[in-house]
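J.: Based on what follows, work out the 3D shape:
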Amino acid sequence: MKSLKRILIFNVNWLGDVLFSTATIRNIRLNFPDAFLACVIPSRCYPVLRDNPHLNEIIIYDEKDRHKGMVEKMNFAKKLKDKKFDAVFLLHRSFTRTLICRLAEIPQRIGHSTKKRNFLLTKKIKMPKRDSLHRIDFYLNIIEKAGLRVEDRYTEFFVSEEDNDFIDKFLKERSVLKKDTLVGLNPGGNWMPKRWPSGYWARLADKLISELRSKVIITGSTSDIALTREIENSMLQKPISASAVLNINQLAALCRRLDLFIAADTGPLHIANAARAKKIIALFGPTSREITGPYPGNNVTVISKDVGCEIPCYVRSCKDNRCMKAITPEEVFAQAKLALHK
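T.: The predicted model follows:
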């Protein structure tokens, strides 16, 4: 394997998981400092790796959009074939992705073993027991068992000067001074049971502004506009709204400026951690910090409650949400006060 010159990484689908995979990308680069290293990701995750210096190329694969049909998948396989990769590390467990790499005639196909795709892999890595490893280690396990050395296990997010300049302008236009205590709140989440109640966010934001004299910025994507508006309408104080204003890279630049960032287990939480935010409070309910928690956690306080449910819980249809409701705004505020005064 030492002779590999052109290497492909077929990555996973979700923003947080792609962030967790940055440790694997870096460690592959450490093993092959002179190789051409490319990575396949969906377009929605492109910003996560856009400025990653360990990659020579990013290739977009949108399984549910531009590459949805069989013809499109075959054309994508031909595209990979033309690039003449020596090996592919399949971080995704997908049969289809493995088949594409076989059709692309990539000689070495390395990934976790599953019954459906075993015959397509040339190096079968035994699948770890479900939920036995942190997501970072789940991906690192593939390359380590393939014989590569793993030197570290932290995530990375790289911010450009253009993103920093954007945040400079954003804060200046909203009269935020360097001396101000700046707290970011991200109330959204990719599935409902992971979300903290909107009324809780409103109470927390009011306390941060009125009692700690903090400037509070509420962040979110376009899908969070209604949620952000609901929180703002429930507040007595006035926060700074950044919902649908910042892209992923600008959010990372903002997180570096914040004195504190508070979020549930969602992509922006892991962006903040990978971007090296000063202080983070993470609110965990149905998911497990041991599996998807921020790492390293030196700057992170995780708040979670035992309400008698099995954790992690993958019941996305849960209407009760008692694990998140059990975390009170007063408790989070107390932790925020400690973080801001350390």
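J.: list the contacts for the nearest residue in space to Leu99 that is not next to it in sequence?
T.: Nearest residue to Leu99, sequence neighbours excluded (CB to CB, 6 or more residues apart in numbering): Leu120, at 6.0 Å. Just so you know, the C-beta spots here come from the backbone N, C-alpha and C atoms, and that holds for glycine as well. By CB atoms under 8 Å, 6 or more residues apart in numbering, the residues touching Leu120 are 95, 98-99, 101-102, 109.
J.: most surrounded residue in those residues?
T.: Cys101 (28 neighbours; other CB atoms under 10 Å).
J.: how about it, secondary structure?
T.: Classification of Cys101 using DSSP: H, G, I helix; E, B strand; the rest coil returns helix.
J.: And Met74, by the same measure?
T.: Classified using three-state DSSP, Met74 is helix.
J.: What residues does the nearest residue to Ser234 once chain neighbours are set aside make contact with?
T.: Using CB to CB, 6+ apart and skipping residues adjacent in sequence, the residue nearest Ser234 is Ala202, 3.8 Å away. Contact partners of Ala202, counting by CB under 8 Å, 6+ apart, are 231-232, 234-235.
J.: does Val40 sit in a helix or strand, and which one?
T.: Taking DSSP states H and E as the criterion, Val40 maps to strand 36-41.
J.: Quick check: mean pLDDT of that strand?
T.: Here strand 36-41 scores 98 as its mean pLDDT.
J.: And for the helix or strand following it, what's in contact with it?
T.: Note on strand 36-41: by DSSP H and E, the next helix or strand toward the C-terminus is helix 46-49. The contact list for helix 46-49 (CB under 8 Å, 6+ apart) reads 15, 18-19, 22, 25, 39, 41, 55, 58, 60, 157, 247-249, 271.
J.: List only those of the residues you listed flagged as buried.
T.: With burial judged by 16 or more other CB atoms under 10 Å, the buried subset of the contacts of helix 46-49 is 15, 18-19, 22, 25, 39, 41, 55, 58, 157, 248-249, 271.
J.: quick one: low-confidence parts of this protein?
T.: 1-2, 342 (pLDDT under 70).
J.: ok, Ala275 - contacts?
T.: Residues counted as contacts of Ala275 (CB under 8 Å, 6+ apart) are 157, 159, 252-253, 255-256.
J.: What does Leu182 show for phi and psi?
T.: phi -120, psi 120 (degrees, to the nearest 10).
J.: Now for it, how many residues are close by?
T.: Neighbours of Leu182 (other CB under 10 Å): 21.
J.: do the same with Ser94
T.: Ser94 has 18 neighbours, counted by other CB under 10 Å.
J.: mind checking how far it is from Pro294?
T.: Using CB to CB, to the nearest Å, Ser94 is found at 26 Å from Pro294.
J.: go on, Arg135?
T.: Counting by CB to CB - Arg135 and Pro294 are separated by 11 Å.
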